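**Student:** Predicted model and sequence follow; I will ask about them next.
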Amino acid sequence: MGQTRAELIRPKLLLDILSALLSVHAPSQTVSYTRGVSLQICSNARSGRSASPPTSRVRANTVVRLTAGEPRVWFFAHADEISYLVRDVRANGTVGLLPFCSHRSAIESPAITLRWVGGATGEVVARGVIRTEESGSVRTPIFVLDSGNVRRGDRVVYDTPLVVDGDLLRCHVDNAAGMAACLSAILALQRLGADLPVAFAFTDEEEGPALSNATFARGARRLISRIASPDLCVVVDGHDFSHPDQLPAAALYAEYSSNAAGSVVPPHLYAAMRSLAGELQGAGIQIQENSGYVSRSDDVACYEMTPNVLLLGYGVTDPHFNTAVPAASLPALVNLAHAIGWLALRA
């Protein structure tokens with residue numbers, strides 16, 4: 001994997017991929033014909049070979065396989081972004097929203113409304129801001145229109161430009177950043193000519209109401225009903241940090257999610273991950289254990305299929321526009337892409 005680090009996984013390449021993914025909004029339930037298509041375009045444009053990685057749709061998820069056989073290792077990175085349904089349209093120009101996600105925002109942020117009218121790409125029909133109304137302990141998201149119109153069946157998503165501030169990336173990165181790291185690793189492995197029993201799932205409907213594990217990772221659940229139980233699932237997602245100054249430049253791995261209410265990495269597997277982290281660090285790839293809080297993700301679906309689930313990721317602040325525009329570290333994403341490549345080569 002030394003060649004991948006030196007030549008094939010570069011910050012500019014990863015940033016280009018991330019920019020392309022962010023340019024396509026993917027509210028839950030649209031992934032296979034929004035970012036799934038964008039991912040295929042990225043592969044075609046940046047592949048150093050005549051054939052790009054084979055991309056397919058499985059139960060509305062987008063899948064890339066690095067083998068013609070049965071994959072033994074699956075990487076999961078959700079492709080949908082936090083989004084809102086239209087609850088009611090009010091006479092005063094505001095729209096009551098129903099979160100198709102965990103609503104955590106306490107700030108006002110730019111947003112757009114997307115509408116699908118027979119085509120694969122959602123049309124922007126309104127612009128405005130998402131704001132939170134507070135009444136006692138009740139916090140209700142609303143969309144305040146600047147222009148356009150909104151109706152039931154539309155989807156409202158945050159819309160912020162990608163800002164590169166040194167090593168910091170500020171935008172709606174959840175979880176386009178994880179996708180970009182995975183795709184960077186896929187392209188590097190392809191350039192190496194690797195034929196590996198590995199597949200990558202870019203899932204839909206990971207975002208879900210925070211009521212229980214059953215409302216998370218519904219796209220991944222549809223997928224796991226169609227594949228053979230693998231030896232290992234690696235779930236790639238953002239790990240929450242409270243401030244951009246705290247974001248590590250390293251990739252991250254963790255033992256459990258949602259204080260063990262999500263998934264828990266078995267002891268023998270966690271020991272193997274710690275050993276691999278030592279090898280990665282010896283090769284100049286930064287990776288560290290994250291002992292802080294890690295939110296549930298597609299791991300809750302994978303955990304129903306196998307206990308062998310690894311939690312891999314990158315640091316992110318304000319992933320749901322909690323108190324500011326989300327931020328992530330570009331070096332962390334590059335290190336994450338290298339770690340994903342190493343794990344794939346060990347499959």
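**Tutor:** That came through fine.

**Student:** low-confidence ranges in the protein?
**Tutor:** For the chain, applying pLDDT under 70 flags the ranges 1-7, 41, 43-53.

**Student:** Domain map for it?
**Tutor:** Annotated domains of the chain cover 2-81+162-345, 83-158 [automatic domain parsing].

**Student:** Which residue is the nearest non-sequential neighbour of Glu70?
**Tutor:** Ala228 (5.6 Å; CB to CB, 6 or more residues apart in numbering). Quick note: C-beta positions are derived from backbone N, CA and C, even for glycine.

**Student:** circling back: and the domains of the chain, which is most packed in?
**Tutor:** domain 2-81+162-345 (a mean of 20; mean count of other CB atoms under 10 Å).

**Student:** Could you give the separation of that domain from the chain centroid?
**Tutor:** From the chain centre to the centre of domain 2-81+162-345 is a distance of 6 Å (CA atoms, centre = their mean, to the nearest Å).

**Student:** Identify the residues contacting Pro267.
**Tutor:** Residues near Pro267 by CB atoms under 8 Å, 6 or more residues apart in numbering: none.

**Student:** do you know how far it is from Pro230?
**Tutor:** To Pro230, Pro267 is 20 Å away according to CB to CB, to the nearest Å.

**Student:** got it, and Tyr158?
**Tutor:** In terms of CB to CB, Tyr158 sits 33 Å off from Pro230.

**Student:** cool, Phe143 as well?
**Tutor:** Distance of Phe143 to Pro230, computed by CB to CB: 40 Å.

**Student:** Repeat that for Leu330.
**Tutor:** Note on Leu330: its distance to Pro230, by CB to CB, is 30 Å.

**Student:** what's the answer for Leu343, then?
**Tutor:** Taking CB to CB, one finds Leu343 at 13 Å from Pro230.

**Student:** Over to Gly219?
**Tutor:** 17 Å.

**Student:** swap in Val294?
**Tutor:** Separation of Val294 from Pro230 (CB to CB): 21 Å.

**Student:** go on, Ala120?
**Tutor:** Relative to Pro230, Ala120 is positioned 30 Å away (CB to CB).

**Student:** likewise Gly193?
**Tutor:** Per CB to CB, Gly193 is found 23 Å from Pro230.

**Student:** ditto for Glu255
**Tutor:** Relative to Pro230, and taking CB to CB, Glu255 is found at 20 Å.

**Student:** Likewise for Ile142?
**Tutor:** Ile142 is 42 Å from Pro230, where distance means CB to CB.

**Student:** same question, Val58
**Tutor:** Taken as CB to CB, the span from Val58 to Pro230 is 14 Å.

**Student:** now do Leu8
**Tutor:** Here the criterion is CB to CB. By it, Leu8 lies 25 Å from Pro230.

**Student:** repeat for Ala347
**Tutor:** Taking CB to CB, one finds Ala347 at 9 Å from Pro230.

**Student:** anything in contact with each of those two?
**Tutor:** Applying CB under 8 Å, 6+ apart, one finds that Ala347 and Pro230 are jointly contacted by 72-73.

**Student:** So the residue lying closest to Arg346 once chain neighbours are set aside, which state does it fall into?
**Tutor:** Of all residues not flanking Arg346 in the chain, Leu276 sits nearest, at 7.4 Å (CB to CB, 6+ apart). Counting by DSSP: H, G, I helix; E, B strand; the rest coil, the backbone at Leu276 sits in helix.

**Student:** Please tell me how far Leu276 sits from Ser19.
**Tutor:** Distance, Leu276 to Ser19, using CB to CB: 30 Å.

**Student:** ditto for Asn213
**Tutor:** For Asn213 relative to Ser19 (CB to CB), the value is 33 Å.

**Student:** Over to Ala328?
**Tutor:** Ala328 sits 13 Å away from Ser19, going by CB to CB.

**Student:** For Phe200, list the residues it contacts.
**Tutor:** Taking CB under 8 Å, 6+ apart as the test, what Phe200 contacts is 63-66, 74-77, 182, 186.

**Student:** and it, backbone torsions?
**Tutor:** phi -120, psi 130 (degrees, to the nearest 10).

**Student:** Equivalent analysis for Gly292, please.
**Tutor:** phi -90, psi -170.

**Student:** Surely it and Ser242 touch.
**Tutor:** No - using CB atoms under 8 Å, Gly292 is not in contact with Ser242, being 9.0 Å away.
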